[in-house]
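# sequence unavailable; structure follows:
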Ligand SMILES: Nc1ncnc2c1ncn2[C@@H]1O[C@H](COP(=O)(O)OP(=O)(O)OP(=O)(O)O)[C@@H](O)[C@H]1O
């Protein structure tokens, strides 16, 4: 597989502060990658860097073989990077369907396809954004990003703060999105077992640098090996449905 995204020894941060420190990773078209690590190691900063929101001091970022630095930050979404930040930022005074269609880009993902992925959004299509539960807001934020037909979807802790039953529903949708629809995904997530179950590969960041990488399926069978970097709480890891299934 040709690499779609390549970071080579990228050092970046905010103002004088350096957060990413010679960070190297790559992702191919159709691939799904979990970005793991403790709080504050730079996972969100890596996504922000892809979106042009940090100061890159050194290293190269290539997107589709081209220098990402040459794509201005307001053009990154149009260039195929679909970012769902932790804050979700859905439009409270638009309906669910208006949220989805307000900035849609024609392509494989359309309203019917995202409703098939998230049937709950179809049921709620006439509700205002501010009438949704946290889980529904997260589904809407992801669905809205898909409506831009991104080549790569960047999800920042989509499961954070959601009730277990909603986590399960959301994971089932993300699993279909990745496995059946072949959506490329870069997933930042603290819920390690779920993140591994949804992805093909994983990398661990520590102090802004990749310190470990593995096949997700292999790693899932040895969660304890991640403990030194991530502090996996095995008893909380759960047993997502996807664990029992074949690797994509
Ligand atoms: N907008 C910002 N301006 C200045 N510093 C920031 C900004 N965003 C993050 N930082 C700092 O960058 C460092 C890395 O934060 P980042 O959010 O990337 O970590 P993370 O691995 O995503 O952790 P978390 O799970 O807590 O979000 C932290 O020290 C944080 O305080």
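Happy to help now that I have it. If you're wondering where the values come from, they're calculated on a predicted model, not measured in any experiment. Residues are numbered from 1 along each chain as shown.
# let me know whether residue 153 touches residue 181 as I believe.
No - Residue 153 is not in contact with residue 181 according to CB atoms under 8 Å; the separation is 10.5 Å. Where C-beta positions appear, they are placed from N, C-alpha and C, glycine not excepted.
# would residue 11 count as being in a strand?
Yes - under DSSP: H, G, I helix; E, B strand; the rest coil, residue 11 sits within a strand.
# which strand residues bridge it?
Taking DSSP bridges as the rule, residue 11 bridges to residue 58.
# could you count how many residues lie near it?
By the criterion of other CB atoms under 10 Å, residue 11 has 18 neighbours.
# identify the residues contacting it.
Applying CB atoms under 8 Å, 6 or more residues apart in numbering to residue 11 gives the contacts 18, 20-23, 56-59, 208.
# more neighbours: residue 153 and residue 181, which one.
Set side by side, residue 153 and residue 181 show more neighbours around residue 153, with 24 against 14, by other CB under 10 Å.
# could you give me the average pLDDT of the stretch of helix or strand that one belongs to?
Element membership of residue 153, judged by DSSP states H and E, is strand 152-156. Computed over strand 152-156, the mean pLDDT rounds to 98.
# and the most centrally placed residue in the chain, how far from residue 128?
Geometric centre of the chain, nearest residue: residue 155, 2.2 Å, by CA atoms, centre = their mean. From residue 155 across to residue 128, the span is 24 Å (CB to CB, to the nearest Å).
# same thing with residue 4?
Taken as CB to CB, the span from residue 4 to residue 128 is 36 Å.
# which one of those two is surrounded by more residues?
Counting neighbours by other CB under 10 Å for residue 4 and for residue 128 shows that residue 4 has the greater number, 19 against 16.
# which parts of the protein sit against the ligand?
With the criterion set to CB under 6 Å from any ligand atom, the chain comes near the ligand through 14, 17, 19, 37, 39-45.
# tell me where this protein has helices.
Taking DSSP state H as the test, the helices found in the chain are 43-50, 96-101, 111-117, 119-123, 134-146, 164-179, 192-198, 216-220, 227-230, 234-237.
# sorry, back to before: so can I have a markdown table of the contacts of residue 11 showing neighbour count and distance to residue 102?
As requested, the contacts of residue 11 are exported to a markdown table (neighbours: other CB atoms under 10 Å; distance: CB to CB, whole Å):
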| residue | neighbour count | distance to residue 102 |
| --- | --- | --- |
| 18 | 19 | 37 |
| 20 | 28 | 32 |
| 21 | 19 | 38 |
| 22 | 15 | 39 |
| 23 | 23 | 34 |
| 56 | 17 | 31 |
| 57 | 13 | 36 |
| 58 | 13 | 38 |
| 59 | 18 | 35 |
| 208 | 22 | 35 |
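# closest to residue 84 among those?
Checking those against residue 84 by CB to CB gives residue 20 as the nearest, at 19.9 Å.
# which residues does residue 94 contact?
Contacts of residue 94 by CB under 8 Å, 6+ apart are 102, 128-129.
# circling back to that earlier point, the strand holding residue 153 pairs with which strands, and in what direction?
Strand 152-156 has the following strand partners under DSSP bridges: strand 81-84 (parallel), strand 184-188 (parallel).
# so which of the ones you listed gets nearest residue 8?
strand 184-188 (16.2 Å).
# the inter-axis angle of the closest one versus helix 43-50?
Interaxial angle, strand 184-188 versus helix 43-50 (axes from the mean of the first three to the mean of the last three CA atoms, to 10 degrees): 140 degrees.
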